[in-house]
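Participant: here's a sequence, model it:
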Amino acid sequence: MINLDKDELYPLLFEPVYKPVMWGGHKLADLLKRPVPKGGQPIGESWEICDREECESHVLNGDLQGTALHELVENYGRDFVGHSYEGGRFPLLVKLLDAGRRLSLQVHPNEEACARLGGGAQPKTEMWYIIHAEKGAKIIAGLSPKSSRMRFMENLHSADIEQQLQVFDSFAGDAYFINAGRVHAIGAGNLILEIQQNSDTTYRISDWGRTAPDGKPRTLHIEQALESIDFMDRTVPRITGASDNVDHNRKFPIINRCPFFKVDELLLTTDWHDSTKSSASFHLLTAINKPFVVGSESRTTKVPVGSTCLIPACFGSYSVSLPEGGPATLIRTTL
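Facilitator: Numbers count the residues shown, from 1 in each chain. From the prediction side, this is the model:
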């Protein structure tokens, strides 16, 4: 039972849910100093904010500690999520991806493909923000302008499949828009913030010929993938990060025309003032390179590097301060 009035809500942190996978890395522990589980397969995903039946985030801080995200959504509704909320679960899923090895080549379906495929498929559009990239790290996102459905199919089970894809050198501060239907893969050496629709539907196209720890190839989903790939899409998905020095607070739109989320990069040298009222939505603030303190008067929260806080839609005006000084990079996500 929640006994907190909406006017007493505060910026919320959530307990990460760690996922061991064969392609996982060590940057969550080494760079972000996270106390990740030891033993077994390395940790490849940290589900930071999630409202799914099989994976539920719980509040980490304050009076609501231990409360499930879904309970908050049900209890506060539009006051928590925003004016666009029409029931159901929290609309976004926030992850950190730690790629020690290359991920499989994959695709997510859109609503039309889900309707054709059935089986509980859910649409999934996402974006990536590169927190850290080792030298030589790559991002694969989208079909090459020279590719076609026929060429793609001819090379599907060949090492030459990369020639049908857009391959980018990965740099911290860059972002990628991965709309549903866009073929993609994350290369080894990347630590990525992922903002996505609340979906866990992924169709694996190629696993680069490797096997799982049990010695068997992982399952591919070729039929479903071909129903999902947008073969007409040749858009360059990379959004290049700011390269100039920052001597005052600046906001750079990263994703502003997506119907599922809007994402801005905040480059801060001093305090930042904002409000959830302007967007009629919750705000998600992610600390990329420096911790920050966010809130209003006594309702404040310190956010460690790599973590994301959720400011409820009804919160109103808030400030961000930098206890370690600037420049600091934050990612702000709204509906």
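
Participant: and the helices in the stretch 201-335 of the chain, which stretches?
Facilitator: Secondary structure of the stretch 201-335 of the chain (DSSP state H, counting those that start in this stretch): helices at 222-228.

Participant: avg pLDDT for stretch 112-127?
Facilitator: Average pLDDT, stretch 112-127: 97.

Participant: buried stuff in that stretch?
Facilitator: Neighbour counts over stretch 112-127 (16 or more other C-beta atoms under 10 Å) mark A113, C114, L117, A121, P123, K124, T125, E126, M127 as buried. Using the backbone N, CA and C atoms, a C-beta is placed for each residue, glycine as well.

Participant: isn't N110 up against L117?
Facilitator: No. Between N110 and L117 there is no contact under C-beta atoms under 8 Å: 10.6 Å.

Participant: which residues do these two both contact?
Facilitator: Residues touching both N110 and L117 by C-beta atoms under 8 Å, 6 or more residues apart in numbering: S228.

Participant: low-confidence stretches in this protein?
Facilitator: 243-244 (pLDDT under 70).

Participant: please parse it into its domains.
Facilitator: Using automatic domain parsing, the domains assigned to the chain come out as 14-79+87-239, 250-334.

Participant: got TSV for the ones you listed, with distance to N3 too?
Facilitator: TSV is the format used below for the domains of the chain (distance: least, C-beta to C-beta, whole Å):
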stretch	distance to N3
domain 14-79+87-239	9
domain 250-334	16
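
Participant: closest to D7 out of those domains?
Facilitator: domain 250-334 (7.6 Å; C-beta to C-beta).

Participant: how long is stretch 312-323 from one end to the other?
Facilitator: Terminal residues of stretch 312-323 lie 23 Å apart, using C-alpha to C-alpha, to the nearest Å.

Participant: what does it contact?
Facilitator: Against stretch 312-323 from outside (C-beta under 8 Å, 6+ apart): 6-7, 9-12, 76, 78-83, 266, 268, 270-277, 280-283, 285, 290-296, 299, 302, 311, 328, 330.

Participant: if we go to 7 Å?
Facilitator: For stretch 312-323, the external contacting residues (C-beta atoms under 7 Å, 6 or more residues apart in numbering) are 6, 9, 76, 78-82, 268, 271-277, 280-282, 290-296, 311, 328, 330.

Participant: which of these count as buried?
Facilitator: Buried among those by 16+ other C-beta under 10 Å: 9, 76, 79-82, 268, 272, 274, 276, 281-282, 290, 292, 294-296, 311, 328, 330.

Participant: let's see which of those end up in strands.
Facilitator: L268, W272, D274, F292, V294, G295, S296, I311, A328, L330 (DSSP state E).

Participant: please report how far the second one lies from K38.
Facilitator: Spatial separation of W272 from K38 under the definition C-beta to C-beta, to the nearest Å is 37 Å.

Participant: now do the fourth one
Facilitator: Computed with C-beta to C-beta, the distance linking F292 and K38 is 29 Å.

Participant: kindly report the same for P16.
Facilitator: In terms of C-beta to C-beta, P16 sits 15 Å off from K38.

Participant: so the two - more neighbours on which side?
Facilitator: More crowded of P16 and K38, by other C-beta atoms under 10 Å: P16, with 25 against 8.
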